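Q: Predicted coordinates and the sequence they were generated for:
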Amino acid sequence: MNFPTHRIHMGPARCAADLTDGSERGEYVPQDYILQTLGRPMRSVNLMYCYYPLDKTFPLRARYAFADQQIKSQWDTPYEDYFPYTGGLIGSRDGDVFQQMQDIRRHGQDVTLTLVIDPNVPDEHLVAIAEDLKPYGRLLLRINHEATGDWFAFNKRADYAEIAQFFVRASNIIRAHAPNVQIITCIGGIEDPDSETMVKEAEFECTVLAADIWSVDKYMALHWGWPYDIAQKGGITHNRHHYQDVYDLTKRSFRRFTALNHGETKPMVMSEFNADGDVTGPFEQCDMVDGFFQLVKDDPENWLTAINFYQFRDRGRLGLETENPNHPQSGIPQPVMKTFKKWIHDPLFLPEIIECGETALPVTLRWGGAEDAEGLAIPVRLEKLPHFFELYFKDDNNYMIECRGRWFYKAPDTKYIDLMPAFFDQRVTEPLDLRLRIFAPPASGMNDLDCPDGLMNSYTTITKLPEIRLAYAPVEPACE
């Protein structure tokens, strides 16, 4: 069948929805599963890694390297129990971090790489990291996050001024070698309601100036003693705040960053956000997340660029799922999953997709990232609720496909996609005109750096549209 096709462009949402996938508290979950669970891709997926190449035990993960030590808190080991970053100066680009970044990008999402780095590494290590990251398009790199705290290993290897200067040095080196990478500073911001200045402002003002993106980590409730104790009333290893107070402090932090940057704004991100169910229980966790997101939506000032929910699956209660203790490879959805899914399908968090006129095949689509991508829209007329709505492909391209707000992934070797899940929760009751929207992220998850603008863009040529099977009755009628 021949269909009129339209060029479309996908741009940023008013506030982007990001998600952390894996950390010291949970393992990485493949993007296919997350997409099927949430029904849409994120703007960016955040990975948590550490790089301490000068340590003799590295890259062995901390939980194994120091298993013989008596550990009393999550941060007692000589370096963090994050996934070890196995690239860099003496590493390989075949490790988990690279496979995960490719998985994320194939599914139409940008990568946020949170990387805690030994501040004593020489410059050549930073150059090597930059070279590692060049093929991954618009990548966000968060270096030594929560840097105004005292719990991370890098804070025990240098003072605050040295940590800040390392951030500036690393930013300059990595940006010079990998211009596709945007650097995020993650510091405390304003934490005291009675203060007009941010935590460790004298030391970390330079990071506000050096970064491309500003961020804070704000938990409305957090049990930082996990898993070494249980949060109980009167305990000293947890806290809780009203979501309004968290919102106000985050916004005041943005304003303070702007003042320090001579009145010029930069993108502002909440790089880690949630309410810990260990403190609130599962239902008030939902209420707090819901209340905070409503504040963002109701605020006439569009000052917040993105919120990263920490995280998808967690061994504690900081996840949309908890890890099943009987089967660690599976998760148990929590009530906050429903709250999160409701909000990420709200116009507040949806990327803007606009039509740019009719086109004809063959057509070449550009993928710049989750906030800058060119695609195709295929009009389809539904007379009533379909019993079968399927796409059959004769190409080996990599696609992300949207139908009625539900997104589907087609891997290069996949030939068939069933679109009926787009009707499971929203049945058609009358004739409907809809658009199938198709985007083409890089099939390998990596850009072709030999392309003239391959640092920022990848291209896919479509010569044939998928064949549509649309049927309004079952194969066999109901038995009398």
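A: Received it, and whenever you're ready, just let me know what you need. Computed from a predicted structure; not experimentally measured. Residues are numbered from 1 along each chain as shown.

Q: Please identify which helix or strand holds the closest residue to residue 268 other than its chain neighbours.
A: Nearest non-adjacent residue to residue 268, counting by CB to CB, 6 or more residues apart in numbering: residue 254, 4.5 Å away. Just so you know, the C-beta spots here come from the backbone N, C-alpha and C atoms, and that holds for glycine as well. Per DSSP states H and E, residue 254 falls inside helix 243-260.

Q: Show me what that helix is packed against.
A: Judged by 3 or more CB pairs under 8 Å, 6 or more residues apart in numbering; DSSP states H and E, helix 243-260 is in contact with helix 201-210, strand 213-223, strand 268-275, helix 277-298.

Q: which stretch among these comes nearest residue 63?
A: strand 213-223 (19.4 Å; CB to CB).

Q: Pairing partners for that closest one, with directions?
A: Paired strands of strand 213-223, with direction, are strand 181-186 (parallel), strand 238-240 (antiparallel), strand 268-275 (parallel) (DSSP bridges).

Q: With mean neighbour count, distance to residue 395 and mean pLDDT added, can I get those strands in JSON lines?
A: Compiled in JSON lines, the strands paired with strand 213-223 are given as follows (neighbours: other CB atoms under 10 Å; distance: least, CB to CB, whole Å; pLDDT from 0 to 100):
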{"stretch": "strand 181-186", "mean neighbour count": "24", "distance to residue 395": "31", "mean pLDDT": "98"}
{"stretch": "strand 238-240", "mean neighbour count": "17", "distance to residue 395": "52", "mean pLDDT": "97"}
{"stretch": "strand 268-275", "mean neighbour count": "26", "distance to residue 395": "36", "mean pLDDT": "98"}
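
Q: Looking at those strands, which is nearest to residue 445?
A: Closest to residue 445 of the strands paired with strand 213-223 is strand 181-186 (CB to CB; 15.9 Å).

Q: quick one, that closest one and helix 201-210 angle?
A: Strand 181-186 runs at 160 degrees relative to helix 201-210, counting by axes from the mean of the first three to the mean of the last three CA atoms, to 10 degrees.

Q: Dump the helices and strands packed on helix 243-260 into TSV; add distance to residue 415 as well.
A: Shown next, in TSV, are the helices and strands packed on helix 243-260 (distance: least, CB to CB, whole Å):
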stretch	distance to residue 415
helix 201-210	48
strand 213-223	40
strand 268-275	38
helix 277-298	39
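
Q: and among these, the most buried is which?
A: Among the helices and strands packed on helix 243-260, ranked by average contacts under mean count of other CB atoms under 10 Å, first place goes to strand 268-275 (a mean of 26).

Q: could you dump that strand to PDB, C-alpha only?
A: Output in PDB follows, covering the C-alpha atoms of strand 268-275 (Å, rounded to 0.1, in the frame of the first residue of the first chain):
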ATOM      1  CA  MET A 268      18.900  23.000  35.300                       C
ATOM      2  CA  VAL A 269      18.300  19.400  36.100                       C
ATOM      3  CA  MET A 270      17.300  17.400  39.200                       C
ATOM      4  CA  SER A 271      19.800  14.600  38.600                       C
ATOM      5  CA  GLU A 272      18.400  12.400  41.300                       C
ATOM      6  CA  PHE A 273      14.800  12.700  42.600                       C
ATOM      7  CA  ASN A 274      12.400  10.500  44.600                       C
ATOM      8  CA  ALA A 275      10.900   9.900  48.000                       C
END
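
Q: Which parts of the protein are helices?
A: Assigned by DSSP state H, the chain shows helices spanning 31-38, 62-65, 96-106, 123-133, 160-177, 201-210, 243-260, 277-298, 335-344, 421-424.

Q: Please identify the most buried of those.
A: Stretch with highest mean neighbour count among these: helix 96-106 (a mean of 22; mean count of other CB under 10 Å).

Q: And the average pLDDT for that one is what?
A: The average pLDDT for helix 96-106 rounds to 98.

Q: Tell me what angle that helix forms with helix 123-133.
A: If you take the same axes, to 10 degrees, helix 96-106 sits at 40 degrees to helix 123-133.

Q: quick one: helix 96-106 to chain centroid distance?
A: On the basis of CA atoms, centre = their mean, to the nearest Å, helix 96-106 sits 12 Å off its chain's mean C-alpha point.
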